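Novice: How does the following fold in three dimensions:
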Amino acid sequence: MTDPVSRTILLLDIERFSDRDDVEQAYLRRMLYDITDRALETAGIDETRRLRADRGDSVMELIDANASVTALLRALLTEVPAQLRAVNRMASCSAQIRLRGVVATGYVAVDRHEGWVGSDLNHACRLLDAHLLRAALRERADDFVLCVSDALYAGVVRHDHPGIPAADFHRVTVDSKNGPLTAWLHGLAPATAGTAGAGEDHSERGTGEAPGGSGGRPAPAAATPKTPGASGPAPAGSEGAPAPGPVLHIDGGTVSFGGGYVAGDQHGVSGGRVTGDVVMGGKGERGAPGEGS
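Specialist: Residues are numbered from 1 along each chain as shown. Sure thing, here's the model as predicted:
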């Protein structure tokens with residue numbers, strides 16, 4: 001294993017990746033790589049200054065500590081949202097891509113299997129997988145949400161560099177199986193963040209999301225219960241059998257169908273029952289059939 005080296009850690013993860021079929025997943029992975037490469041190029045970080053690990057639905061980048069973190073953050077706050085808007089504008093509902101991102105700093109070693117080892121890296125992964133970050137993305141109209149570690153906030157963000165307004169970051173506490181972690185979320189914290197413990201459900205689809213679209217899309221509203229007086233299925237007849245036809249309830253007033261006028265309660269109309277005054281055609285001011293409009 002190599003000696004631990006100071007690195008900037010960048011993690012980007014696709015929302016609801018496991019909900020898609022194989023063809024859609026392949027497309028989303030290609031878009032993730034394209035977006036990541038363009039953001040890093042915009043920040044002036046070429047391939048010689050970073051290592052990449054593929055996580056299937058996410059990508060991990062270990063960036064040379066001498067590379068500009070401010071340039072990276074500016075690219076993440078501007079270039080990534082712009083690219084996501086351009087991609088999603090032309091994509092179908094099932095191919096929409098939304099991303100969670102984490103930037104952290106710390107010491108990481110590489111073992112003989114090319115695996116990455118380090119508690120700072122573990123903490124960054126905990127932030128990426130946190131319920132709070134998932135909820136923040138679900139509640140936003142934008143397709144990207146970014147969180148930075150407490151150390152990176154203290155060292156870079158809080159100094160309010162151009163293009164990185166410190167006031168836009170808000171302190172949050174993320175629960176993990178290793179204890180609470182302090183981080184800084186770009187934008188307001190979600191209203192439905194709740195508590196994310198070790199036994200938390202990490203399923204990609206959030207409550208109220210409809211499948212097949214962008215992750216924050218609300219599910220269709222439930223049907224409104226019928227109120228008294230509205231038309232609907234006939235009540236059950238004797239011994240639980242359904243009545244032979246529909247029932248129309250009219251509580252006061254008249255109903256116009258066009259064609260004639262029926263006063264009082266009527267029975268045997270197409271196998272059902274009609275109560276109240278029913279107008280078929282026009283009814284005048286005095287209530288006589290055919291008078292007025």
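Novice: Check which residues of whatever helix or strand residue 32 lives in are buried.
Specialist: In this structure, residue 32 sits in helix 22-42 according to DSSP states H and E. Using 16 or more other CB atoms under 10 Å as the test for burial, helix 22-42 gives 24, 25, 27, 28, 29, 31, 32, 35, 36, 39, 40, 42. Any C-beta I mention is one placed from the backbone N, CA and C, and that applies to glycine too.
Novice: now the strands: where do they sit in the protein?
Specialist: For the chain, the strands defined by DSSP state E cover 5-14, 50-54, 58-64, 99-110, 116-117, 144-149, 169-174, 181-186, 247-248, 254-256, 260-262, 266-269, 272-274, 277-280.
Novice: Okay, now the unreliable bits of the chain?
Specialist: Residues of the chain meeting the criterion pLDDT under 70: 192-293.
Novice: Reformat the buried residues of helix 22-42 as CSV; add distance to residue 107.
Specialist: As requested, these are arranged in CSV below (distance: CB to CB, whole Å):
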residue, distance to residue 107
24, 37
25, 33
27, 36
28, 32
29, 29
31, 31
32, 26
35, 27
36, 23
39, 24
40, 21
42, 26
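Novice: Looking at these, spot the one nearest residue 186.
Specialist: Residue 186 lies nearest to residue 39 out of these, by CB to CB, at 14.6 Å.
Novice: Please list all residues in contact with that closest one.
Specialist: Under the criterion of CB atoms under 8 Å, 6 or more residues apart in numbering, the neighbours of residue 39 are 72, 75, 76, 79, 80, 83.
Novice: mind running it again at 10 Å?
Specialist: With contact taken as CB atoms under 10 Å, 6 or more residues apart in numbering, residue 39 is in contact with 10, 12, 45, 61, 72, 74-80, 82-83, 101.
Novice: Would you mind writing the PyMOL command to select the buried ones in those residues?
Specialist: Here is the PyMOL command that selects the buried residues among the contacts of residue 39 (16+ other CB under 10 Å):
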select buried, resi 10+12+45+61+72+74+75+76+77+79+80+83+101
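Novice: so which two of the contacts of residue 39 are the farthest from each other?
Specialist: 61 and 82 (19.4 Å).
Novice: Tell me what angle the helix holding residue 32 forms with strand 58-64.
Specialist: Relative orientation of helix 22-42 versus strand 58-64 (axes from the mean of the first three to the mean of the last three CA atoms, to 10 degrees): 20 degrees.
Novice: Only alpha carbons, please: show helix 22-42 as PDB.
Specialist: Extracted in PDB, the C-alpha atoms of helix 22-42 (Å, rounded to 0.1, in the frame of the first residue of the first chain):
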ATOM      1  CA  ASP A  22     -29.800  -1.800 -19.000                       C
ATOM      2  CA  VAL A  23     -30.000   0.500 -22.000                       C
ATOM      3  CA  GLU A  24     -30.900   3.500 -19.900                       C
ATOM      4  CA  GLN A  25     -28.200   2.700 -17.400                       C
ATOM      5  CA  ALA A  26     -25.600   2.600 -20.100                       C
ATOM      6  CA  TYR A  27     -26.700   5.900 -21.400                       C
ATOM      7  CA  LEU A  28     -26.700   7.500 -17.900                       C
ATOM      8  CA  ARG A  29     -23.200   6.200 -17.300                       C
ATOM      9  CA  ARG A  30     -22.000   7.800 -20.500                       C
ATOM     10  CA  MET A  31     -23.600  11.100 -19.600                       C
ATOM     11  CA  LEU A  32     -22.100  11.000 -16.100                       C
ATOM     12  CA  TYR A  33     -18.600  10.500 -17.500                       C
ATOM     13  CA  ASP A  34     -19.000  13.300 -20.100                       C
ATOM     14  CA  ILE A  35     -20.300  15.700 -17.500                       C
ATOM     15  CA  THR A  36     -17.500  14.900 -15.000                       C
ATOM     16  CA  ASP A  37     -14.800  15.200 -17.700                       C
ATOM     17  CA  ARG A  38     -16.100  18.600 -18.900                       C
ATOM     18  CA  ALA A  39     -16.400  19.900 -15.300                       C
ATOM     19  CA  LEU A  40     -12.800  18.900 -14.500                       C
ATOM     20  CA  GLU A  41     -11.500  20.300 -17.800                       C
ATOM     21  CA  THR A  42     -13.300  23.600 -17.100                       C
END
